[in-house]
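Undergrad: My questions concern the predicted model and sequence given below.
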Amino acid sequence: MDIFKLIFEHDLRLDALRKRHTDRNVQEVTMSIEDFMKPDPTYSKFYITGSVPEENLFGLNRLNKYGFIISAVSEALRGYNLFFGDKSGSFDTLIETAEIGQAIILTEKDILQWDPESLRIDKNSNVGHKKEELAEVLGSGDMVLYKEQAHQGFDLHLFSRDNLYPKLFYPLRELVGHDFRFFSINGKRIRSERQFYFETWTLERPPHGAEEVFSSTSI
């Protein structure tokens with residue numbers, strides 16, 4: 001049986017990704033009334049993962065319905081152009097082509113204005129090492145998608161200025177069945193490896209913040 005997990009975090013402050021000065025002589029500490037009244041720009045991130053516990057397999061691409069999941073995510077992101085390096089193409093093609101840590105840029109524009117290589121991470125790093133670059137891309141309205149290393153394969157990590165949860169939720173809900181269980185998880189409440197891999201020890205009583213999605217579930 002596939003255990004599929006869509007882990008989301010919303011309302012993350014975009015400014016928290018930007019460089020902060022620790023020197024009070026350099027840091028801008030004054031704020032005008034106009035600045036104070038501006039809405040604080042935010043972003044969302046979505047970690048897409050899963051496992052097949054009976055076979056002790058962990059990684060999105062190890063799920064039996066992996067191909068259907070990719071089709072569902074592709075449907076959710078329809079309308080965006082995808083760029084990887086100097087290439088553009090379909091979602092499923094670029095997912096197979098990209099290496100772990102290479103960034104795929106999603107944009108509604110026809111021309112890529114970013115260098116995806118500036119967003120590349122290595123296997124010993126994570127996206128936290130690319131905060132400045134990530135903030136620039138998200139601030140423009142474009143999105144960034146990574147393949148990230150899992151135990152026996154890879155997962156997907158999507159960053160977006162917009163909350164894409166409804167667009168992802170409904171196509172993925174269509175996959176729910178006796179051989180595919182879908183858990184929607186608030187990442188702000190899952191803070192340990194034990195909670196992340198709850199299916200290995202408490203599948204029928206998931207931790208607070210993890211809710212199972214059924215074919216009748218709506219948002």
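TA: That came through, no problem.
Undergrad: Which of the residues in stretch 158-172 are classified as buried?
TA: 158-161, 164-165, 167-169, 171-172 (16 or more other CB atoms under 10 Å). In short, each C-beta sits where N, CA and C put it, glycine included.
Undergrad: What distance do you get for residue 44 to residue 60?
TA: 19 Å (CB to CB, to the nearest Å).
Undergrad: Comparing the two, which shows the higher neighbour count?
TA: residue 60 (25 against 20; other CB atoms under 10 Å).
Undergrad: Beyond the helix or strand of the chain with the lowest mean pLDDT, next helix or strand please.
TA: Least confident helix or strand, the chain: helix 33-37 with a mean of 51, by mean pLDDT, DSSP states H and E. As assigned by DSSP states H and E, the chain's next helix or strand after helix 33-37 is strand 42-52.
Undergrad: Tell me how far residue 170 lies from residue 45.
TA: From residue 170 to residue 45 the distance is 19 Å (CB to CB).
Undergrad: Sketch out the low-pLDDT regions of the chain for me.
TA: 18-39, 123-126, 128 (pLDDT under 70).
Undergrad: can you map out the helices along it?
TA: 33-37, 66-76, 91-97, 131-139, 165-173, 193-196 (DSSP state H).
Undergrad: Please, where are all the strands along the chain?
TA: 2-13, 42-52, 57-58, 81-84, 87-88, 103-107, 143-149, 154-160, 180-186, 210-213 (DSSP state E).
Undergrad: Switch those strands over to a markdown table; also include distance to residue 96.
TA: Rendered in a markdown table, the data for those read as follows (distance: least, CB to CB, whole Å):
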| stretch | distance to residue 96 |
| --- | --- |
| strand 2-13 | 19 |
| strand 42-52 | 15 |
| strand 57-58 | 19 |
| strand 81-84 | 11 |
| strand 87-88 | 12 |
| strand 103-107 | 11 |
| strand 143-149 | 10 |
| strand 154-160 | 11 |
| strand 180-186 | 21 |
| strand 210-213 | 27 |
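Undergrad: before we move on, the earlier item: want to try JSON lines for the helices of the chain, with distance to residue 207 as columns?
TA: Shown next, in JSON lines, are the helices of the chain (distance: least, CB to CB, whole Å):
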{"stretch": "helix 33-37", "distance to residue 207": "38"}
{"stretch": "helix 66-76", "distance to residue 207": "23"}
{"stretch": "helix 91-97", "distance to residue 207": "29"}
{"stretch": "helix 131-139", "distance to residue 207": "28"}
{"stretch": "helix 165-173", "distance to residue 207": "20"}
{"stretch": "helix 193-196", "distance to residue 207": "5"}
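Undergrad: Nearest to residue 184 among the ones you listed would be which one?
TA: helix 165-173 (7.1 Å; CB to CB).
Undergrad: Just give the closest residue to residue 112, not the sequence neighbours.
TA: What sits nearest to residue 112 in space, not counting adjacent residues and going by CB to CB, 6 or more residues apart in numbering, is residue 83, at 4.3 Å.
Undergrad: what's around that neighbour, how many residues?
TA: So residue 83, with other CB under 10 Å, has 22 neighbours.
Undergrad: shouldn't it be in contact with residue 105?
TA: Yes. Judged on CB atoms under 8 Å, residue 83 makes contact with residue 105 at a distance of 4.6 Å.
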